[in-house]
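*Asks:* return a 3D structure for these sequence lines:
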Amino acid sequence: MSRALAGSVHGGNIYDFPGRELLDFSSNINPAGPPDFAMDAAASALRQVNRYPDSRQSAVREAFSQWLGAPSEGLVFGNGASELIRAVIAALKPGRIITTLPTFSEYGSCAASFGIPARGVPSDAARDFAFDVGGIRKIFSRGDLLVICQPNNPTGVAWREDELRELAALCSATGGHMLADECFIKLAHPPPPSCLDMTAGGHVIVLRALTKDFAAPGLRVGFIAAAEEIAHAVRGQMQPWPLNCVAEAFAIACAKNPEPYLRDSATEIAVLREALSSGLEALGFSPNPSSANFLLVRSGARSAGELCALMLERSVLIRNCANFAQLDDSWFRVAVRSARNNAALLSGLADIENMWLKC
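*Replies:* Sure thing, here's the model as predicted:
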């Protein structure tokens, strides 16, 4: 199994540096921060900690059903997207897990924990990591689970509508399944196509979370949208109360008032992303075209590992991507943060570039 499929290394490891004030560009969170109205709802919910949460998740399922137009019977909430990835695999018991490469390492890590073989289909690095749908079709077989990320992490590339429908049809024709991880979709601009309207046939499952779009990784709120029978099977793989009352209140508030917060966030991130990309190019780096709230960047002849270490000395965390399959120590990833934070990142990188030029 490849490095990225076998290992699980994530960004956001600020706890490795206790007592330090760090600018964290290694985790891709909405720079707007969590909305005040949702924080207020979460604070009010603290008065309910003397009660068990609703194991049926009735209120939160209804709120998200109204927002997304998805049947409430097909919604299952869990302790973040990672718990749900494992629950989906446990419920479906696929013969293999198929992914694109490079992609989020958790998919392969979950496969390994279940002893399920994983195969990756390399994206075309020469074409800005364009997906190889033909390569997926060539190896996909009955009982497989295809896991895709929309838009893809770490490349920032979004799947086209025709590609998604072709893959959904492939799963239907072969008796396989597709898990579409859409955790970044609401922060992407222009808005990429979703698989939400493809779940009814029972072969497509959509995964989302409030971690990125509503800037709440500490609350651990994720959910899937699927056909009712799949949702029931996934729920059977989880603990009775996977969502606490504070997280549920935050989620309900977000579902009832998603706009203009999400729309404004995506629009602002697109502007910030283009400015950050231009700044990186001016310093001699090569950012991959992205529709997401992060950039995959090639450092050229420089070591990304060394770059990460030197940026840490300047109290800035960036993500070394050497552990992703198809990438090496010349790639790193940065989140799109506020204009002020992005300027600090570029200033630190410029300082290092000047230091290297003098060596």
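
*Asks:* for the record, mean pLDDT for the helix or strand harbouring residue 168?
*Replies:* Using DSSP states H and E, residue 168 sits within helix 161-174. Averaged over helix 161-174, pLDDT sits at 98.

*Asks:* got it, and stretch 294-305?
*Replies:* If you average the pLDDT over stretch 294-305, you get 92.

*Asks:* end-to-end on it?
*Replies:* In terms of Cα to Cα, to the nearest Å, the two terminal residues of stretch 294-305 are separated by 18 Å.

*Asks:* what's it in contact with?
*Replies:* 28, 129, 153-156, 273, 276-277, 280, 284-288, 290, 307, 320-322, 329-336, 356 (Cβ atoms under 8 Å, 6 or more residues apart in numbering). For glycine as for every other residue, the C-beta is placed from the backbone atoms N, C-alpha and C.

*Asks:* derive a PyMOL selection command for the buried subset of the residues you listed.
*Replies:* Selection of buried members from the contacts of stretch 294-305 for PyMOL, criterion 16 or more other Cβ atoms under 10 Å:
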select buried, resi 28+129+153+154+155+156+273+276+277+280+285+287+288+290+307+320+321+322+329+330+331+332+333+334+335+336
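
*Asks:* now, which of the contacts of stretch 294-305 lie within helices?
*Replies:* Counting by DSSP state H, the contacts of stretch 294-305 place 273, 276, 277, 280, 307, 356 in helices.

*Asks:* switch the residues you listed over to JSON lines; also include distance to residue 33.
*Replies:* Below are these laid out as JSON lines (distance: Cβ to Cβ, whole Å):
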{"residue": "273", "distance to residue 33": "17"}
{"residue": "276", "distance to residue 33": "18"}
{"residue": "277", "distance to residue 33": "23"}
{"residue": "280", "distance to residue 33": "24"}
{"residue": "307", "distance to residue 33": "27"}
{"residue": "356", "distance to residue 33": "34"}
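
*Asks:* could I get the full set of helices for the protein?
*Replies:* 3-6, 36-45, 58-68, 80-92, 106-113, 133-139, 161-174, 228-235, 245-256, 261-282, 304-313, 339-358.

*Asks:* for residue 195, which of those is the nearest?
*Replies:* helix 161-174 (5.8 Å; Cβ to Cβ).

*Asks:* now do the buried residues in that closest one.
*Replies:* Neighbour-count burial for helix 161-174 [16+ other Cβ under 10 Å]: 163, 164, 167, 168, 170, 171, 172, 174.

*Asks:* repeat for stretch 255-269
*Replies:* Neighbour counts over stretch 255-269 (16+ other Cβ under 10 Å) mark 255, 258, 261, 262, 265, 266, 268, 269 as buried.

*Asks:* check contacts around the closest residue to the fifth one other than its chain neighbours.
*Replies:* Once its chain neighbours are removed from consideration, residue 265 has its nearest residue in residue 32; the separation is 4.9 Å (Cβ to Cβ, 6 or more residues apart in numbering). For residue 32, the set of contacting residues under the criterion of Cβ under 8 Å, 6+ apart consists of 215, 261, 264, 265, 268.

*Asks:* so which of the residues you listed is the closest to residue 234?
*Replies:* Within those, distances to residue 234 taken as Cβ to Cβ reach their minimum at residue 215, with 25.8 Å.
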